[in-house]
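In: Quick one: sequence and predicted model below, then my questions.
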Amino acid sequence: MANFTLDPRLARDTTLLTRLGLCELRLMQDCRWPWILLVPQRDDIVEIFDMTPLDQTMLTFETAITAKALKQASGCEKVNVGALGNQVRQFHLHIIGRNSGDPAWPGPVWGHGQAESWNEADRSAFTERLLAAL
């Protein structure tokens, strides 16, 4: 993991919250949704099947615990999990809290409007709740 390199676009659009066993847990810099990413700390992973079976198992575990923590920290109605990779090839998993009536409901969040930056107080409070829930 010492040689792990994060895609520049992921580095630009997210903030590192913590490192789990396999993944970096990152917060999207868009406050319209509680939106986090899991990025396996492995180079040259594009698809989930590029990962070893053990890493796939770890990803499943880390996805479940972070999705549960996101739901607890945000109070969202629904948690969406998805891996697209059409614009950023490095494998990463989106975990997004959704609520009826949110800015893109019921459609996808991708490409909906312009990102809105977190203010420092709200980001800190959300991050604290999320990490405590983990």
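Out: Okay, I see it.
In: And K68, how far from R12?
Out: Noted for K68: a distance of 28 Å to R12, by Cβ to Cβ, to the nearest Å. From N, CA and C alone the C-beta is placed, and that goes for glycine too.
In: Actually, G101.
Out: For G101, the distance to R12 - Cβ to Cβ - is 29 Å.
In: State the mean pLDDT of the helix with the most length in the chain.
Out: The helix spanning the most residues in the chain, taking DSSP state H as the definition, is helix 53-74. Average pLDDT, helix 53-74: 98.
In: That one - contacts with which helices or strands?
Out: On a contact count with 3 or more Cβ pairs under 8 Å, 6 or more residues apart in numbering; DSSP states H and E, helix 53-74 meets strand 23-28, strand 35-40, strand 78-82, strand 93-98, helix 120-133.
In: Return the most buried member of the ones you listed.
Out: With neighbours defined by mean count of other Cβ atoms under 10 Å, none of the helices and strands packed on helix 53-74 is more surrounded on average than strand 35-40, at a mean of 24.
In: Show me how far that strand is from its chain's centre.
Out: Relative to the centre of its chain, strand 35-40 is centred 3 Å away, using Cα atoms, centre = their mean, to the nearest Å.
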